[in-house]
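A.B. asks: Okay, predicted coordinates and the sequence, questions at the end:
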Amino acid sequence: MSLTRLYRTSVFIFAISLSVNSAGAWPQRHAVKKTRVRFLATSTLIRNSWGPNEDTYFAELLFPKQNEAVPVRLIDAYPNEAPPLSRVALTSPAGTILRVKRDQGCDLPYSRLQLRSAPGDSMAMLPVKISYQPKSDHAVAPEAILPCYRVSR
C-alpha cells in the first residue's frame with residue numbers, strides 16, 4: 001500500500017468518524033416535552049387482544065413557555081396489558097400533565113378528525129357513527145391543520 005493511499009484512507013476514516021460522532025450531538029427537534037393537556041373529544045379507540053391499543057383524541061396543549069392553548073390531535077398508543085388514560089385525566093377541566101412528542105407524519109385537517117364522544121365517555125367504544133361537538137374556548141376552522149402529538153409513556 002502506497003503512502004498516498006494510506007493517507008487518503010486514514011483521512012476518509014477520520015472524516016466518517018467525525019460525522020458519525022457529531023450527528024448524535026445535535027439537539028433533537030421533536031424531543032419529548034412535559035405539557036398540560038386538556039381533552040376536548042374522543043376520536044377513535046382501537047383495542048386489540050394481541051397487539052397495541054391506540055386511542056386518538058382532540059385536545060388542547062398548553063406548553064409551559066406559551067400562554068396559549070394549541071388545538072391538537074393526540075394519539076396514545078400503548079401495549080394491551082397497559083391501562084388506557086384514566087377517566088379522571090380525560091375529564092379534568094384543568095387538564096393533566098403528560099409527556100408528549102411531536103409527530104408531523106400524522107397531522108390532519110380538523111374537518112377529517114372524527115369526533116365521536118366526550119373524553120372519557122364509554123359511548124366512543126360503540127361501533128356506530130357518533131358525532132360530537134366539543135366545548136372549547138377557541139373555534140377551530142375546518143381547514144385548519146391539527147398538529148399531531150403522541151403520548152410518551
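C.D. replies: Okay, I see it. Numbering: from 1, shown residues only.
A.B. asks: rest of the way, CA atoms for contacts and neighbours
C.D. replies: OK.
A.B. asks: So which elements touch the longest strand seen in the chain?
C.D. replies: If you go by DSSP state E, the chain has its longest strand at strand 33-46. The contact analysis (3 or more C-alpha pairs under 8 Å, 6 or more residues apart in numbering; DSSP states H and E) places strand 33-46 against strand 53-62, helix 87-91, strand 96-102.
A.B. asks: Could I get those in TSV, plus columns for mean pLDDT, mean neighbour count and distance to A144?
C.D. replies: Shown next, in TSV, are the helices and strands packed on strand 33-46 (pLDDT from 0 to 100; neighbours: other C-alpha atoms under 10 Å; distance: least, C-alpha to C-alpha, whole Å):
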stretch	mean pLDDT	mean neighbour count	distance to A144
strand 53-62	95	22	13
helix 87-91	95	16	24
strand 96-102	96	18	17
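A.B. asks: For the nearest residue to I145 once chain neighbours are set aside, grab the count of nearby residues.
C.D. replies: Leaving aside its chain neighbours, I145 sits nearest to P109 (4.2 Å; criterion: C-alpha to C-alpha, 6 or more residues apart in numbering). Neighbours of P109 under the rule other C-alpha atoms under 10 Å: 14.
A.B. asks: try the one 4 residues further on
C.D. replies: Here the neighbour count serves as a burial measure; for L113 (other C-alpha under 10 Å) it reads 17.
A.B. asks: residues in contact with it?
C.D. replies: S43 (C-alpha atoms under 8 Å, 6 or more residues apart in numbering).
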